[in-house]
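[1] just to be clear, the model below is a prediction. Sequence and coordinates:
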Amino acid sequence: MRTIKTHQYKDKILLLGFNSDLTEIKLSKGITIRKGTEEELNEIYDKIKYDNAKNQQFLVEYEYLESNESTFPKKLFRLLDDLNIFFKIFIEGETKVAYALRHLYSNGEFQSIGFVTNPKVRTYFLKDFFLDPSDSERIIKLWDKYQKQSENKTMQISLRRFLFSIEKHEHEDQIIDLIIAFEALFVRIKENKISQKMSERVAILLSEATNREKVFNFLRDAYNTRSQIVHGSSFELNSMNSKEKYLHLSGIVNTLSDLLNQCFYLKIVDFTEHSSDELIEELEKRLKTNS
């Protein structure tokens, strides 16, 4: 029988589009945002191509245990995904992660074992996020809530599809992923009238900050567009020229992303302890009360 050994790793992940007057923020056990040393940063800069990434000052240091069952760093890539989703939901600007130096504890010290890149992440960014020291506690609390929610299977599916939509380039693919994310979060398995139920529940959840009727109508229409894309049967899309189609679909993608972002924020912050079924039950109560 093959023995599975556990190894200790310390990875240093370059933070893109992030700045602060703080020198260190401990997000959670084993995960710390801190200013990188000149030596650490230059080691990363030597391995990346994009000049706009070569003036960044902060790292996420990730220390963890992982078995030798696979040469693929599963925990590291899971954290990269989680950080990119978290930043998208809770942080203004274009903060993201894609590059990491890997270190393995051996012979009494951490030794460099390579450099990894997440090729799906678009590393170009225009706007930095500045974390005010007074806001650090809020970020830590939000990260704790996010981690609790991301362990939920339904949320995992929804968050993963949201991330897919960010990483992809084709608007049709983005719309498909975004609608799946909404379905996973707001529709029970084997429910009928999926478009109606999804649209109603999202609209009532966001009703304090948005126009309920407009959100319902938009989501219902977006769901129909998604179905037409999947089945290749959209007369409206087929009749558009390339520029018209681009503008039309990009508008749908942007609005879907914004609405889903708001839904995640409320689910994670206001319904932290609710399962997806419990959230749906609460929304159904609101629909009956406000019908």
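    Yes, it's here.

[2] name the strands paired with the helix or strand hosting residue 64 and say parallel or antiparallel.
    Secondary structure assignment for residue 64, by DSSP states H and E: strand 58-67. When pairing is defined by DSSP bridges, strand 58-67 lines up against strand 6-16 (antiparallel), strand 31-35 (antiparallel).

[3] export these to a markdown table and append columns for distance to residue 187 and mean pLDDT.
    For every residue, glycine as well, the C-beta is placed using N, CA and C. Formatted as a markdown table, these follow (distance: least, C-beta to C-beta, whole Å; pLDDT from 0 to 100):
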| stretch | distance to residue 187 | mean pLDDT |
| --- | --- | --- |
| strand 6-16 | 35 | 94 |
| strand 31-35 | 33 | 97 |
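
[4] can you add distance to residue 90 and mean neighbour count and give these back as TSV?
    What follows is those, written out as TSV (distance: least, C-beta to C-beta, whole Å; neighbours: other C-beta atoms under 10 Å):
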stretch	distance to residue 90	mean neighbour count
strand 6-16	14	19
strand 31-35	14	18
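
[5] out of these, the one nearest residue 84 is which?
    Nearest to residue 84, of all those, is strand 6-16, at 10.0 Å by C-beta to C-beta.

[6] just how off-centre is the strand holding residue 64 within its chain?
    19 Å (C-alpha atoms, centre = their mean, to the nearest Å).

[7] name the next helix or strand downstream of that strand, please.
    Next along from strand 58-67, by DSSP H and E: helix 74-90.

[8] now the element after that next one, going C-ward?
    strand 96-106.

[9] which secondary structure elements does that next one contact?
    strand 6-16, helix 38-45, helix 74-90, strand 109-117 (3 or more C-beta pairs under 8 Å, 6 or more residues apart in numbering; DSSP states H and E).

[10] run the last query once more with 6 Å
    strand 6-16, helix 74-90, strand 109-117 (3 or more C-beta pairs under 6 Å, 6 or more residues apart in numbering; DSSP states H and E).

[11] reformat these as a markdown table; add distance to residue 172.
    Shown next, in a markdown table, are the helices and strands packed on strand 96-106 (distance: least, C-beta to C-beta, whole Å):
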| stretch | distance to residue 172 |
| --- | --- |
| strand 6-16 | 28 |
| helix 74-90 | 21 |
| strand 109-117 | 27 |
